[in-house]
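Peer 1: sharing a model that was predicted from the sequence below.
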Amino acid sequence: MSLRPPPLPKLQRPDTGLSGFLRVFRYTPRALRLVWETSPFLLIALGLLTLASGLLPAAVAYVGARIVDAVVAAIAASKAAGTPVYGEVLRWVLIEGLLVAITAGVSRATSLSQALLRIQLGQRINVMILEKALTLELTHFEDSELYDKLTRARREASVRPLSLVMRSATLMQSAVALLSYGALLTQFSPWAVAVLLLAGVPAFIAEAKFSGEAFQLFRWRSPASRMQMYLETVIAREDHAKEVQLFGLGPMLLGRYKGIFDQLYGEERRLVIRRDGWGFGLGLIGVLAFYGAYAWVALATIAGRITLGAMTLYLNVFRNGQSAVTSGLAAVSGMYEDNLYLSTLYEYLETPVAPAQGSATQGPLPQDGVRFENVAFVYPGSREPALQDITLHIRPGQSLAIVGENGAGKTTLIKLLTRLYTPTQGRILLDGLDLQDWDPQALRARVGVIFQDFARYQLLVGENIGAGDVRHFNDEPRWQQAAEMGMASAFVKGLPAQYRTQLGKWFRDGRELSGGQWQKIALSRAFMRSGADILVLDEPTSAMDAGAEAEVFTHFRQLMQSRIAILISHRFSTVRMADQIVVIDKGRIVERGDHASLMRENGIYAQLFSLQARGYQ
Ligand SMILES: Nc1ncnc2c1ncn2[C@@H]1O[C@H](COP(=O)(O)OP(=O)(O)OP(=O)(O)O)[C@@H](O)[C@H]1O
């Protein structure tokens, strides 16, 4: 038994050139627009607060210097007067106290606005991601790359626009602070300003480089992380718990989960060590610059070029200026990182979807029914056709049964008829009009379908039935009618809250149904489409007992008088009732006719029928 997950592909190193670096910033305007559209008020408030928090520290430093100078002057004045003279000291202390209180208020207001914006923006981006998911086709959902994008976007990208705004704000704040510090420091020496700015650059370059690598790592590990998420689901969710326990799969699955971690950890560790190692080394340049400036300012004070107050001011300004440079440059490299992650969101949101579909709500030959003309279909990524040379005609009032081995192509045929996929060759017509030209809504209203892997929604019983026709999702009388036809009403009446009983175990008081009961719910769901004139049932009764099945088909036949009924079944007792039966083998129709003619033909159908009939004797 292998606990090791399959090996991962090699990690690609990112392109670290300047043009690559700058190109990454292309998402910034879009993200800022998104934030603006989410809440202009909060964004403006953040802008103003940022400006204020950029200016306040320099003001505090300036007032601090005035206090020192005022104290020195007051000491001299007191000595001369022989009595304490306080001069302007207390006034400056009061002003500094006020400024510090305002700084605290501004910082609170900033984090408050950020928190509110983060909540609103998170919701907005999640809705955008889900809205896009609603426009995707079935093929997209079967594409693992799309899943990767979707997972990455949901995991990371939803917090990035706000982070981008916050970092832009930090950048702005640092720039304003630097300007004000710079203005103060040039009075000492413009060279000091140059030292201040240059000392932060090496650390910045390293940080940007490592952000790129971290993103590449995130992308690279995303299929493996998705597998980990999947394993978490399998190990810790009720629908898998039964098999996981009985087959003793737990340790194997957990082993795999750990194995993936081991594979990922090596690369993560390498990056973190390099990132922090370089960060420390290059950070030392900043320390060196500060103490160089310290010595310089101290010597200038001793030489009497500047006052003691000015010395504290310049040292303060230099120290704060350094942290402004560091945080400004960190904001730029953070913005770079945010943009990288945003690329996953926009890549996902820009997934191309099929161009606008048809708009017809009626066909030219209303009594023509359904026609398949030379239809072939190959699943994306597959080489073998799942269906080929399919030619069929079903008129209103007729029933068609499709039989064939597992994997023969029966369900695929239904997926094409319901336009979940488009034929790779040939065409399908309804009322004489190609399905592609039909308005998707009008087409869906015409077809009621229930697949063998129907969804089991953890919603109310009635809603599970109502899902069959969203216009009547909450319509209890319609649920009841549909449940009568789908044979569900008898057992639903026995449930604690009848149609309002919660199904599934994820929610309070949720009830679980048996396989056959679920199938009755699904069947009722198909009967919700009372306006549909094509009803397709893909193995609808496989889990039902024989009595229920016979009754379902009596209902079905009564209902179908002038409609088209298409049925996939492995039970020949049901199949034999159909007007037309087609046998599909390896994607092709190999026999067709009614029960009697197919029996006379003595081919596959006759053999399978006799085999099953013998089983019942
Ligand atoms: N989404 C898919 N992507 C790729 N191949 C698929 C997909 N669904 C089905 N196939 C392949 O297409 C072929 C036909 O599958 P289909 O589901 O139509 O068979 P079926 O006749 O309905 O089988 P069963 O009786 O087991 O339900 C199979 O070989 C299957 O592996």
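Peer 2: Perfect, thanks for sending it.

Peer 1: can you get me a residue count around residue 454?
Peer 2: Residues within reach of residue 454, counting by other Cβ atoms under 10 Å, total 20. Where you see a C-beta, it was placed from the backbone N, CA and C, and this is true even at glycine.

Peer 1: so which helix or strand takes in it?
Peer 2: If you go by DSSP states H and E, residue 454 is not part of any helix or strand.

Peer 1: next, the contact list for the closest residue to it other than its chain neighbours, please.
Peer 2: In space, and not counting its chain neighbours, residue 454 is closest to residue 522: 4.1 Å by Cβ to Cβ, 6 or more residues apart in numbering. Listed by Cβ atoms under 8 Å, 6 or more residues apart in numbering, the contact partners of residue 522 are 450, 454, 486, 540.

Peer 1: buried ones among the residues you listed?
Peer 2: 450, 454, 486, 540 (16 or more other Cβ atoms under 10 Å).

Peer 1: farthest-apart pair in those residues, please.
Peer 2: 454 and 486 (11.6 Å; Cβ to Cβ).

Peer 1: excluding chain neighbours, what is closest to the residue nearest the centre of the chain?
Peer 2: The residue lying closest to the centre of the chain (Cα atoms, centre = their mean) is residue 154, at 3.2 Å. In space, and not counting its chain neighbours, residue 154 is closest to residue 129: 6.0 Å by Cβ to Cβ, 6+ apart.

Peer 1: count of residues packed around the one you found?
Peer 2: Residue 129: 18 neighbours (other Cβ under 10 Å).

Peer 1: ok, now how distant is it from the ligand?
Peer 2: Per Cβ to the nearest ligand atom, to the nearest Å, residue 129 is found 23 Å from the ligand.

Peer 1: same question for residue 198.
Peer 2: On the measure of Cβ to the nearest ligand atom, residue 198 and the ligand end up 58 Å apart.

Peer 1: mind checking how far that residue is from residue 332?
Peer 2: 15 Å (Cβ to Cβ, to the nearest Å).

Peer 1: whatever residue of the stretch 201-350 of the chain ends up closest to the ligand: neighbour count?
Peer 2: Closest residue of the stretch 201-350 of the chain to the ligand, Cβ to the nearest ligand atom: residue 230 (17.7 Å). For residue 230, the neighbour count with other Cβ under 10 Å is 12.

Peer 1: any idea of the pLDDT on it?
Peer 2: The model reports residue 230 with a pLDDT of 86.

Peer 1: tell me which element it falls in.
Peer 2: helix 222-236.

Peer 1: again with residue 403
Peer 2: strand 399-404.

Peer 1: give the rounded mean pLDDT of that strand.
Peer 2: Mean predicted confidence for strand 399-404 is 88.

Peer 1: tell me the contacts of the residue nearest to residue 154?
Peer 2: Residue 129 sits in contact with 150, 153-154, 158, 345, 348-349, where contact means Cβ under 8 Å, 6+ apart.

Peer 1: flag the least confident of these.
Peer 2: residue 158 (70).

Peer 1: next, it: secondary structure please.
Peer 2: Three-state call for residue 158 (DSSP: H, G, I helix; E, B strand; the rest coil): helix.

Peer 1: please name the nearest non-neighbouring residue to it.
Peer 2: Closest to residue 158 by Cβ to Cβ, 6+ apart is residue 125, at 4.2 Å.

Peer 1: SS state for the one you found?
Peer 2: Reduced to three states by three-state DSSP, residue 125 is helix.

Peer 1: kindly report the same for residue 520.
Peer 2: helix.

Peer 1: can I assume it is in contact with residue 491?
Peer 2: Yes. Here residue 520 reaches residue 491: they are 7.2 Å apart, a contact under Cβ atoms under 8 Å.

Peer 1: of those two, which one has the most company?
Peer 2: Between residue 520 and residue 491, counted using other Cβ under 10 Å, the more crowded position is residue 520 (26 against 16).

Peer 1: residue 398 against residue 562, yeah?
Peer 2: No. Checked against Cβ under 8 Å, the pair residue 398 and residue 562 is beyond contact range at 10.0 Å.

Peer 1: those two: which has the busier surroundings?
Peer 2: residue 398 (18 against 11).

Peer 1: phi, psi of the more buried one?
Peer 2: Dihedral angles of residue 398 (phi, psi; degrees, to the nearest 10) stand at phi -100, psi 160.

Peer 1: so how far is residue 328 from whichever residue of the stretch 101-250 of the chain sits closest to the ligand?
Peer 2: Going by Cβ to the nearest ligand atom, the ligand is nearest to residue 142 of the stretch 101-250 of the chain, at 5.1 Å. The spacing between residue 142 and residue 328, counted by Cβ to Cβ, is 46 Å.
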